[in-house]
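S.K.: Give me the fold of what follows.
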Amino acid sequence: WVIQRYRLQEAAELMEKGSVTDWTRLSQDLGYYDQAHFIKDFKTMIGQPPEEYVRNVRHR
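M.R.: I've put the predicted structure just below:
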């Protein structure tokens with residue numbers, strides 16, 4: 001749980017900086033088997049899918 005939370009916080013920080021261009025690569029870099037598992041975990045933990053999170057961060 002702690003590792004998963006750390007991974008997702010790292011992903012959120014990268015998204016906020018605007019340095020994410022490839023979801024598959026990001027998920028692999030964070031240790032996920034595939035993009036689908038990353039998106040599912042992100043949505044569960046953060047409350048919205050990664051693409052929606054990025055849109056909301058950019059409009060703050």
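S.K.: Name the helix or strand for the residue nearest the centre of the chain, please.
M.R.: Here the mean C-alpha position of the chain is nearest to the C-alpha of residue 11 (Cα atoms, centre = their mean), at a distance of 4.1 Å. Under the criterion DSSP states H and E, the helix or strand holding residue 11 is helix 2-17.
S.K.: now that helix: mean pLDDT?
M.R.: Across helix 2-17, the average pLDDT comes to 90.
S.K.: and the closest residue to residue 42 other than its chain neighbours, what is it in contact with?
M.R.: With Cβ to Cβ, 6 or more residues apart in numbering as the measure, residue 50 is the residue that lies nearest to residue 42, at 5.2 Å, once sequence neighbours are left out. C-beta here means a position set from N, CA and C on the backbone, and glycine is covered the same way. For residue 50, the contacting residues are 11, 15, 20, 23, 38-39, 42-43, taking Cβ atoms under 8 Å, 6 or more residues apart in numbering as the criterion.
S.K.: Report the buried members of these.
M.R.: Under a neighbour-count criterion of 16 or more other Cβ atoms under 10 Å, the subset of those counted as buried comprises 11, 15, 20, 23, 38-39, 42.
S.K.: show me where this structure has helices.
M.R.: Using DSSP state H, the helices found in the chain span residues 2-17, 23-29, 35-46, 50-58.
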